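> I would like to see how this sequence folds:
(one chain, ligands or ions: 1)
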Amino acid sequence: MKAVVFHRHGSLDELGYEDFPDPQPGPHEALVKVRAVALNGFDPMVLRGIPGLKTPLPMIPGADIAGEIVELGADVDRHLWRVGDRVTVVPNQADGMMGETKRGGACDRIAVDQTYLLPIPDAVSEVEAACLPVAYGTALRMIETRGRLRAGEKVLILGASGGVGTCCVQLAKAIGCEVIACAGSQWKAARLAELGADHTIDMSRQNYVAEIHRMYGKPRIRGGGGVDVIINYTGGDTWAECFRALTAHGRLLTCGATAGYDPKTDLRYIWSFEFNIIGCNGWTIEDQRELLRRVADRRLKPIVHSQEPLSNIRKPFEELIDRQVFGKAVLIP
Ligand SMILES: NC(=O)c1ccc[n+]([C@@H]2O[C@H](COP(=O)([O-])OP(=O)(O)OC[C@H]3O[C@@H](n4cnc5c(N)ncnc54)[C@H](OP(=O)(O)O)[C@@H]3O)[C@@H](O)[C@H]2O)c1
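Numbering: from 1, shown residues only. Now for the predicted structure:
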């Protein structure tokens, strides 16, 4: 079969579209013909190499997979699965995370243990299903399970234009929050407004802390000013900086560190304003099922930036690195 493969960590030049051995399904596995695979912000990071993360090489990127069952292993439950079923894959598996510590799905076919398959509802396309697992799953966990956002709360979202961000905006709006969405360019800020953000901040021209002070006042230790919740998976310089926009007793949610995982902090803000810093990692199979239901009911919309043939892998990788993606970049084998 054909697959996107890298044999060592490095630049985009390491990414190849090449022949790869066909997967053979084990007794408990289904062979899935991949119809769509979505990229995530972490794919270029894994290509470069993430300190402390052991990536098996050669590696096939792509954690978010949707497709069709074309063969069943001998012990797969025939009451649950049939050849021809449209399925999506749960990528965070017991033996690793696909695209990170286990081979991903940017290829023609993939063998998947039956416990990591979910049926795609009729009303959901394969492209939509492929957008959901990693980014939308983590957004759901962050906004609802860990963050417990409530109607009327003011929520500042940094990096709102990406996969996680576009879902956070939709989920927070559905709860009834007032959403302030930040992007790195004017065109992305405009798209965030179309998506329903109440306010947008173009960080290439505006200082988001000053904007929050202008809109809601400067946070005061005895209460008032700032926003109730900040979602910051950008990290880097924005980490300590965003403390100045958070109200006393506010919640700061993080699931990643796109711009740097060991930023400077400022403990004075954390104790003086009694912040609650909440980490968030991954999601559950039930979360992924719930997302499929919401997309089927049109309560949630996967934001598709592009659909490229698998052979054109370089373009979406380049766009992710250059911050030119709004929502999800999808590949079609
Ligand atoms: N722990 C978990 O389970 C988990 C799961 C999913 C994702 N994550 C993490 O969450 C973060 C977002 O993931 P994602 O898939 O949504 O990524 P993404 O689609 O690439 O979106 C990230 C956004 O961050 C903004 N950004 C700000 N500073 C940046 C920088 N220095 N480099 C690149 N982008 C920058 C970009 O928007 P602008 O250009 O508009 O600013 C970009 O659209 C990543 O750090 C990822 O590793 C963690």
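
> for the rest of this, base every contact and every neighbour count on C-alpha atoms.
Fine.

> spell out which parts of this protein neighbour the ligand.
40-42, 134-135, 138, 159, 161-165, 183-185, 233-234, 255-259, 281-282, 320, 323 (C-alpha under 6 Å from any ligand atom).

> buried subset of those residues, written for ChimeraX?
Listed next is the ChimeraX selection for buried residues among those, using 16 or more other C-alpha atoms under 10 Å:
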select :40,41,42,134,135,138,159,161,162,163,164,165,183,184,185,233,234,255,256,257,282,320,323
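
> which of the residues of the chain next to the ligand fall in strands?
A183 (DSSP state E).

> residue contacts, the closest residue to G96 other than its chain neighbours?
Distances taken as C-alpha to C-alpha, 6 or more residues apart in numbering put K102 closest to G96, at 5.3 Å, once the chain neighbours are dropped. Counting by C-alpha atoms under 8 Å, 6 or more residues apart in numbering, K102 makes contact with 55-56, 59, 95-96.

> what does W271 give?
Neighbours of W271 in contact, by C-alpha under 8 Å, 6+ apart: none.

> repeat that for the one 3 residues further on.
Neighbouring residues of E274 by C-alpha under 8 Å, 6+ apart: 248-250.

> do you know how far it is from L158?
Going from E274 to L158 by C-alpha to C-alpha, to the nearest Å gives 21 Å.

> if you rank the contacts of E274 by neighbours, which is first?
A248 (25 neighbours; other C-alpha atoms under 10 Å).

> correct me, but L310 touches P316?
No: at 9.9 Å, L310 does not count as touching P316 under the criterion of C-alpha atoms under 8 Å.

> which one of those two has more residues nearby?
P316 (24 against 21).

> quick revisit: which one of the contacts of E274 sits closest to L12?
G250 (40.1 Å; C-alpha to C-alpha).

> what confidence value was assigned to that closest one?
G250 carries a pLDDT value of 98.

> that one falls within a strand, correct?
Yes: under DSSP: H, G, I helix; E, B strand; the rest coil, G250 falls within a strand.

> any idea how far it is from A66?
In terms of C-alpha to C-alpha, G250 sits 38 Å off from A66.

> one more: T234?
T234 is 28 Å from A66, where distance means C-alpha to C-alpha.

> if you go through the stretch 101-250 of the chain in chain order, where are the strands?
Taking DSSP state E, counting those that start in this stretch as the criterion, the stretch 101-250 of the chain carries its strands at 109-113, 117-119, 154-157, 178-183, 199-202, 227-231, 246-254.

> return the distance of the third one from the chain's centre.
So the one you mean is strand 154-157. 18 Å (C-alpha atoms, centre = their mean, to the nearest Å).

> what's that strand in contact with?
With C-alpha under 8 Å, 6+ apart as the criterion, strand 154-157 contacts 165, 168-169, 172, 177-182, 227-232.

> cool, the shortest one as well?
Residues from elsewhere that reach strand 117-119, judged by C-alpha under 8 Å, 6+ apart: 85-90, 289.

> adjacent strands (with direction) for that strand?
strand 86-89 (antiparallel) (DSSP bridges).

> name the next helix or strand downstream of the strand it pairs with, please.
strand 92-93 (DSSP states H and E).

> for the helix or strand following that next one, give the mean pLDDT please.
Later in the chain than strand 92-93, the nearest helix or strand by DSSP H and E is strand 96-97. What strand 96-97 shows for mean pLDDT is 96.

> how about stretch 283-299?
Here the average pLDDT along stretch 283-299 is 98.

> quick one: contacts of it?
Residues from elsewhere that reach stretch 283-299 (C-alpha under 8 Å, 6+ apart): 90, 118, 120-124, 128-129, 132-134, 136-138, 140-141, 300-302.

> how about 10 Å then?
Contact partners of stretch 283-299, identified using C-alpha atoms under 10 Å, 6 or more residues apart in numbering, comprise 88-92, 115-125, 128-129, 132-142, 145, 170-171, 174, 300-302.
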